[in-house]
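Visitor: build the 3D model from these lines:
(chains A and B)
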Amino acid sequence: MAEAANHDSHHPAHADGPSRAKVLLREPLVLNNRSFSWVTNRIAGIVENPQPKGWWFIVVPCAMLAGFMAFCFTYLVATGVGVWGANHPVAWGWDITNFVFWIGIGHAGTLISAILYLTRQKWRTAVNRSAEAMTIFAVMCAGLFPALHVGRVWMAWFLAPVPNSNAIWQNFKSPLLWDVFAVSTYFSVSVVFWFLGLVPDLATLRDRCKPGIRKMAYGLFALGWRGGNRQWRHYEVAYMLLAALSTPLVLSVHTVVSFDFATSIVPGWHTTIFPPYFVAGAIFGGFAMVLTLMIPVRKIYGLHDLFTMKHIDNMAKIILLTGTIVGYAYLMELFIAWYSGSLFEFDAFKWRILYGPYTWAYYCMFFCNVIAPQAFWWKKCRENLYIVMVVCMFVNAGMWYERFVIIVTTLARDFLPGAWDMYHPSWVEIWTFIGTFGMFMMLFLIFLRFLPVIAIAEIKGVLPEADPHYDPSLIKRDNVVAAPVYEGDPHEVPGQPATVTIPGAATA
Amino acid sequence: MKRVWQHPEEPKTGKRLWRSIGQLTGQPASQTWLDREFQEGAAVMKDEGELEGSRRTFLKLMSASTAMAGIGLVGCRRPEVYIKPYAKAPEWVIPGKILYYASAMPRPGGGTPLVVNTTEGRPTHLQGNKLHPDSNGGIDSAALSSVLNLYDPDRARDFISAGKVSTRDTFFKFLDAKKKELAGAGGKGLSILTDEVVSPTRTRLLTALQAKYPQARIYRYEAFGPQTVRTVYTKAFGAGVMPCYHLDKADVVFSLDGDFLGNDRVGGSTTGQFMSGRKAEKNTDPMNRLYAVESNYTLTGGMADHRMRVHASQTLKVAVRLAALIAESTKDAALAAAAASVKLTGGYDGGREDYDVWLKLAAEDLASKLGKSVVIAGSQQSEAVLLLTVAINKALNAFGSTVELKQTDLPEAHCGTLEALAKDALAGGVETLLVVGEADPSLEAPADLKWAAVQAAVKNVVVLSTRHRTTLARNATWAVPGTHYLEQWGDTRGFEGTYMIVQPMILPLFGGVSDHELLNALLSNEDTPPYKEASSIPLPAVQVEDAGPGYKLVRDTFNAVVPGASDDLWNFALRDGFVDKTAYTALNAAPNAAAFSGLATVVDVAAPIGLTDVEVTFVPCHKIGDGRYINNAWLQEAPDPVSKVTWDNAALVSVKTAKELGINLSSVDEADVISVQVNGVTRFYPVLVIPGHADYAVTLTVGYGQRGVDADGPGRVGQGTGFDVYGLRTLATPYFATKGTLAKITSAVTTGLDWTDHKEIPAVYPLASTQEHHSMYGRALVREGTQEDWKHDKDFALNQGTDANLHGDRKAKEEENAFSFYKPVGAKKDDGTRTPLLSDDLHQWGMVIDLNRCMGCTACMIACQSENNIPVVGKDQVRRGREMSWIRMDRYFATDLDSDGALNNREVEGHEWSEDEMDNPSMLVQPVGCQHCEAAPCETVCPVNATVHSPDGLNVMVYNRCIGTRYCANNCPFKARRFNFFDYNKRNPLVEKSVGGMKFNNLYAGPLGDRKDTELSKLQKNPNVTVRMRGVIEKCTYCIQRIEGARIDSRVHARKEKSRKEGKYDETLVLDKKELMIPANSLKTACQEACDAEAITFGNLLNDKEDVYKAKRNSRSYDLLGYLSVRARTTYLARIKNPNPLLLAASPREMKKVGQGSKTRPITTAGGAAPTHH
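Guide: This is a model prediction of the structure:
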């Protein structure tokens, strides 16, 4: 981290001439010249102070939804897959739709933490912790579906390469098996990566706690972190290695998920564009979900100085980019369907977009994923949080529709019209899906309650003070402006005066 | 072992280096310290033994923890079950080994010869008896599924006296008393009503009864029997004369509003005979030609080369016009006179000119093949139509060639009709009525006969039947449980008269009485001996006599009927199931001219003209017949061959009529409800649109909507299915009624009793249809061409659809390039084929389905269900698209427009179809099961290797390994895989559960739901086929249990043969591999065995003597979805139409319909969007 901070361009480190002031400076990543202690107090305060009243009002219904989901799954396993709406041409319905949806959401976390880390995108520090947490919870939601959608759940261990007396191995040609490996690897690496990043912060929390169970728990997970130089050195190396390990996983997981479809022979699934298209879609959906979660968190916990408009702007741009890639993929699919000359391929898309029973779903998808994000071309839209939230909601819905369109509309109209049938979801699968949202929100709220939502140690690394060449004399008192005060914010910790230096203004 | 760290020796020269003072001073402690590999305190192994020990300890610990984990999971073990061996093994019985017995199913019109598969004394599966002279071994779905009726828990079980359960002995005491009373009065007041089942013993007993009770009267009734045919032939040729068709000799067949290939049984193997003229092995082979005139779309119409839709009421006019046209061509004066004697006004169906051209050319075609053509009218047609048919067939020289006249011994003379019985009863002439058989007048009698009043007028009604849930049995003085034919001795005759013996396969399950026994008891002068419970007879000492007096009765008949009867002949007859050369004598007689005099009085019927003047046609159901099979779950769930509806009946109307009614044409599942008013009665039915149906006409299939007498209705299966039709049918309108009114109901109607379980009639009724789409959307799935097409291009079948893009030597190329996980074996052979790619070089299985012979009757589906223990899932599950049948019968309607078009334009909106396009389609059918692809898409995607390939080319499904990801089902292009969404085999799908007022299907109650409520149906299960649990995929296995059985048999046989030849039988006997090959054509799958049309061929592709080997090389052969290169082992032979070229030239519509004459020759009816070529 310290090393990364060396290159923080917002500070005129090599101040050896008057031209320094003319350097186009980057927007600071932490606003209002917040100090180390302010950062610690603010972030640790979320965990240490009582939660806002609304916390319980959200977490309890979410827990109830999750509980009902557990009931739905129990009913499913006890009764049979028939309680869902799947039938003979459409053997997968909402189950796999939801699986791919959640897995997609789980992509942003590791992308932010690993790829942006390796590419030295320092703005990631404000979002990576929550994005990683979101990833883990999303993958947990995702994993439920393939595990429980099978007809004989109690035999699902056949998927694991366990030596057995019949000497039967798994079918390593099957993309579903690749899925099992890809998702479980992704999940375990993500958990380790997340936990590793948490260690210094857990130590901080431990140190700030009164003795008790809490202190013991934080102490246990802080793994004896003392903040020593050697510990930091090892930590940085390990973190970098894990980042390097996670990076290919970001690309591989959704690629492998797309193979579930792309390697099949079903017209509408059998497409080479799927891997890049799925990965782009996953990043797209993942960023939208990060924003969906973090904008309210920012507001409620007063994290405006740490999670700035700059972050939102960056993420909106990524959504715009990936959304456009997804749009390109949609159009390319249509073009190839026509250009291939394959009657079945072309028909599959004609049913999908022209006269099939699910055309509405296609247009929902297209609007949400391609049209709606175009708003982000305009800076005004990126700056208006209401618009950002609405677009992100569209993207969240659109990405679900995308998976629904791919899975259900394709299966409902494949090769032999004599076998075609409609698919209607049952109440069980609708509530299961709603229940996964409950579980996801519940876990995320519990995360907010017990763990630092922003990486305390890391974000200190992007403060000017973290720079060894930092010159405190540059602060000009006459350029001090008052920091905005968040009215009614119970988390505002009095302490360091909220002053900021604008170096450019100093010599202007 | 404690290892000593080896330090280098101290150098002799140079400086001495030391590490500690201790070392320098040579203290021993420091030497020890130097020798240590690890520091003090680190764990050090003492010796090798400890090393071994620790590895062992590790393993011990690991195995202990694994074992503990195992113990922890013991709670999930399966319940223990025990296999109980026979303490004393009955002779011949080897568990799992099927024994085959010949028997027969007595039926109205003529019995069906059968071979019964029994396992451990339980009949489990039926097949036709191909040794029988009038059978090719095929069997129809009703006969096939009759084995399930045997195990029907709702079959009559008890002797019921005035609604109360009584005993057998009480009944026979009543009967003994009654017969004494009757004998005194010469039988006065005794009437016997029987069904039309053909049984020489029954005939003999009835004759004897008449002799004993001269005053007694006998009546016969069947809702859709051959009564009219018998009347007409009696008039024309004399008493007892019946026609017997030989369609194998016919070149041109004309069907006059009948369904001789479907539910109008006019012969034992009509289908087989007809299809023998459609073998089309080479493109020069002659084919027969079928014309069909009909109002409803039937299987016969679907097979026709030319079909014309004409109202049922206009059939008479068509017959007259046809007679006149044929008379013109043949110069037959008698026919001309007969035709001229009918005075009709106007042409049929409004006198359409193109119709008349059609008929004229058809008549000329018939007349050009004298002695090789035949006209068959439906058995339910009026006397006039049937008489005209007789005259026409006479003029066509059909008698003696394509139609044989048979002098039957059926008891015509002394049998009255139901109408006569009603008259007698109401006049007080019937004191005791004995109703014998499955025909149930309380359900089926014409409405205006008012059966309830008739029954009330009779003092004693004794009913012998297996159906006790009707008012007939419930209001009877005595209801006697009848036996199923598989549990009684009996006999029957085929349509052509061959004598067949019905032997019992099992003792009566419910202690029923057979009709022979009852009639015999009435005939006997002695009192009936007390009943001996079957279970009280010590096994294995059961004698034939223990099964009742039936054996002796049949034996007596046999002695009387069969010339030269002897014990040997009897034993042969039991073995074969029939006695050869006992057919009815053929008659060579000219029709009695006087018979035609009645034609002059025939009344003209005007064609229907609108919704307030519609024609209502009553037809028996293809599935449940006249209603007698309503409680048979297999038949209920088999889709109707044309409408594809299951578990219900519906009103069938044409597209035009539906449009005028305001029916939602696009909805199949949620059918609009219409009211049908005719004969002064109004009934409500859900409506289905059948393209090709006559306009302003509605066809109603009878038999459904039985309300029964208690909550269970006609039984647990039939309860709440369909809607009653018999209430509309009157004596005067047995087949069709005119002047009816149709109207769509727009809101719910409350009428009370009409609808089973539906006090209130909804405006929309949910129907369970197995197929929603009726168009191929231009995909060339069923390929079709005319004979001309085939002659023109030998490979026309390959050049349709997407496959046409691969031209030239494409088959070879495909084979070179196709991706397969199996390495090719051997080089290319002379004929361009390769040895299949799998490792078994003795057997490679394959199947060919000839679409030219398949008419879509669904017998194969039922055969598969019976053989492979396929569960029934119930209406609710069928509606959700979860039917389990391993063969799907796809049915498409094809018009001359094929691109993207759907007749059911649910999705394709804005496409306007002309009336002709919509209402004159061809019907194409295609059975689709697992195609056993060599490069199977399902196999690559299964993550757990649950579906794999066997060395002999089967795509096998390992149920034990399957976890149910359903990926294979998604990736199967044929959608041939079926998933057990619920425990269909364990849980009863036919009942509703109610929890807190909420009603839902029992399946949804999961572990709390009811199990199947009877052990009985388990008796039908084939022990050689796994009963699948929920959560696994299943599919066609090519009857692998039969393949393995044949493999074992051939091995045993080969060993026996060899040892006989070589004179030794020990381990030195070496068998040549070739000797182990299963003999050609000796192995049949269940579907193949059942197929009357012989459309399915199966066998070893490596054996050139196999039929399938030849069929694969037929140039009509094509792969379904061949462009996918999955190398399906099941392939199809394209359908060939044999249209009349003159008719094609005369009618552009016909030309378009059969795809002839177009230069850019896509075979349009087949929906093949083929590119132009040549």
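
Visitor: can you name the residue of the stretch 651-800 of chain B nearest to chain A?
Guide: Of all residues in the stretch 651-800 of chain B, residue B:773 sits closest to chain A, with a separation of 4.0 Å (CB to the nearest CB). To be clear about C-beta, it is placed using only N, CA and C from the backbone, and glycine gets the same treatment.

Visitor: Three-state assignment for that residue, please.
Guide: Going by DSSP: H, G, I helix; E, B strand; the rest coil, the secondary structure assigned to residue B:773 is coil.

Visitor: now it: how far from residue A:265?
Guide: Plainly put, residue B:773 is 21 Å away from residue A:265 if you go by CB to CB, to the nearest Å.

Visitor: burial count for residue A:202?
Guide: Using other CB atoms under 10 Å in any protein chain shown as the criterion, residue A:202 is surrounded by 22 other residues.

Visitor: circling back: the residue of the stretch 651-800 of chain B closest to chain A against residue A:422, yeah?
Guide: No - taking CB atoms under 8 Å as the contact criterion, residue B:773 and residue A:422 are not neighbours in contact, 10.7 Å apart.

Visitor: hmm, back to that, okay, now the residue of the stretch 651-800 of chain B closest to chain A: neighbour count?
Guide: Close neighbours of residue B:773, defined as other CB under 10 Å, add up to 21.

Visitor: chain neighbours aside, what residue packs nearest to it?
Guide: The shortest distance from residue B:773 to any non-neighbouring residue, by CB to CB, 6 or more residues apart in numbering or on different chains, is to residue A:417 (4.0 Å).

Visitor: next one: residue B:241
Guide: With sequence-adjacent residues excluded and distances taken as CB to CB, 6+ apart, residue B:241 is closest to residue B:233, at 4.8 Å.

Visitor: residue contacts, that neighbour?
Guide: Neighbouring residues of residue B:233 by CB atoms under 8 Å, 6 or more residues apart in numbering or on different chains: B:241-243, B:390, B:405.

Visitor: buried stuff in the host helix or strand of residue A:69?
Guide: For residue A:69, the host element (DSSP states H and E) is helix A:54-79. Under the neighbour-count criterion of 16 or more other CB atoms under 10 Å in any protein chain shown, helix A:54-79 has A:58-59, A:62-63, A:65-66, A:69, A:72-73, A:75-77, A:79 buried.

Visitor: export those to TSV and tack on distance to residue B:222 and pLDDT?
Guide: As requested, these are arranged in TSV below (distance: CB to CB, whole Å; pLDDT from 0 to 100):
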residue	distance to residue B:222	pLDDT
A:58	73	91
A:59	73	93
A:62	68	95
A:63	68	95
A:65	62	95
A:66	64	95
A:69	59	95
A:72	54	94
A:73	56	94
A:75	50	93
A:76	50	94
A:77	52	93
A:79	45	92
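
Visitor: now do stretch B:571-581: distance to the chain's middle.
Guide: Taking CA atoms, centre = their mean, to the nearest Å, one finds stretch B:571-581 lying 27 Å from the centre of the chain it belongs to.

Visitor: mind saving the C-alpha coords of it as PDB?
Guide: The C-alpha coordinates for stretch B:571-581 follow below in PDB (Å, rounded to 0.1, in the frame of the first residue of the first chain):
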ATOM      1  CA  ASN B 571     -53.300 -79.200 -26.800                       C
ATOM      2  CA  PHE B 572     -52.000 -77.800 -30.100                       C
ATOM      3  CA  ALA B 573     -54.800 -75.200 -30.000                       C
ATOM      4  CA  LEU B 574     -53.800 -74.200 -26.500                       C
ATOM      5  CA  ARG B 575     -50.200 -73.800 -27.600                       C
ATOM      6  CA  ASP B 576     -51.000 -71.800 -30.700                       C
ATOM      7  CA  GLY B 577     -54.100 -70.000 -29.300                       C
ATOM      8  CA  PHE B 578     -56.200 -70.900 -32.300                       C
ATOM      9  CA  VAL B 579     -57.200 -73.800 -34.600                       C
ATOM     10  CA  ASP B 580     -56.100 -73.400 -38.100                       C
ATOM     11  CA  LYS B 581     -58.600 -73.900 -41.000                       C
END
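
Visitor: buried residues, that stretch. List them.
Guide: In terms of neighbour count (16+ other CB under 10 Å), stretch B:571-581 has its buried residues at B:573, B:576-579.

Visitor: quick one on the thing from earlier: mind giving me the packing neighbours of the next helix-or-strand element following the helix holding residue A:69?
Guide: The element immediately downstream of helix A:54-79 (helix or strand, assigned by DSSP H and E) is helix A:94-105. Helix A:94-105 sits against helix A:128-148, helix A:229-262, helix A:274-300, helix A:385-404, helix A:427-450, with contacts defined as 3 or more CB pairs under 8 Å, 6 or more residues apart in numbering or on different chains; DSSP states H and E.

Visitor: need the contact partners of the helix or strand that the last one is followed by.
Guide: Looking back up the chat, that one is helix A:427-450. The first helix or strand that comes after helix A:427-450 along the chain, using DSSP H and E, is helix A:456-460. By CB under 8 Å, 6+ apart, the residues outside helix A:456-460 that reach it are A:1, A:29-30, A:36, A:39-40, A:43-44, A:125-126, A:128, A:197, A:200-201, A:204, A:306, A:466.

Visitor: interface residues of the stretch 1-150 of chain A facing chain B?
Guide: A:75, A:78-83, A:85-92, A:146, A:149-150 (CB under 8 Å from any CB of the partner chain).

Visitor: number of nearby residues for residue 247?
Guide: Because you didn't say which chain, this covers chain A. A count of nearby residues for residue A:247, using other CB under 10 Å, gives 18.

Visitor: the intended chain is chain B.
Guide: Applying other CB under 10 Å, we find 25 other residues in the vicinity of residue B:247.

Visitor: pull the contacting residues for the residue of chain B found nearest chain A.
Guide: When you check chain B against chain A by CB to the nearest CB, the closest residue turns out to be residue B:964, at 2.0 Å. For residue B:964, the set of contacting residues under the criterion of CB under 8 Å, 6+ apart consists of A:81, A:150-152, B:979-980, B:1031-1033.

Visitor: need the max-distance pair from the residues you listed.
Guide: Farthest pair in the contacts of residue B:964 (CB to CB) is A:150 and B:980. Separation: 12.2 Å.

Visitor: residues shared between the contacts of these two?
Guide: With the criterion set as CB under 8 Å, 6+ apart, the overlap between the contacts of residue A:150 and residue B:980 is B:964, B:1031.

Visitor: which residues of the stretch 651-800 of chain B lie near chain A?
Guide: Proximity of the stretch 651-800 of chain B to chain A, by CB under 8 Å from any CB, involves residues B:771-773, B:775-779, B:781.

Visitor: contacts only, for the residue nearest to residue B:136 when sequence neighbours are not counted.
Guide: Excluding the flanking residues, the one nearest residue B:136 by CB to CB, 6+ apart is residue B:272, at 4.0 Å. For residue B:272, the contacting residues are B:135-136, B:138, B:1092-1094, by CB under 8 Å, 6+ apart.

Visitor: which ones among the residues you listed lie within strands?
Guide: Residues from these lying in strands, with DSSP state E as the criterion: none.

Visitor: let me have the residues you listed in TSV, adding neighbour count and pLDDT as columns.
Guide: Formatted as TSV, the contacts of residue B:272 follow (neighbours: other CB atoms under 10 Å in any protein chain shown; pLDDT from 0 to 100):
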residue	neighbour count	pLDDT
B:135	22	89
B:136	20	87
B:138	28	90
B:1092	26	90
B:1093	25	91
B:1094	20	91
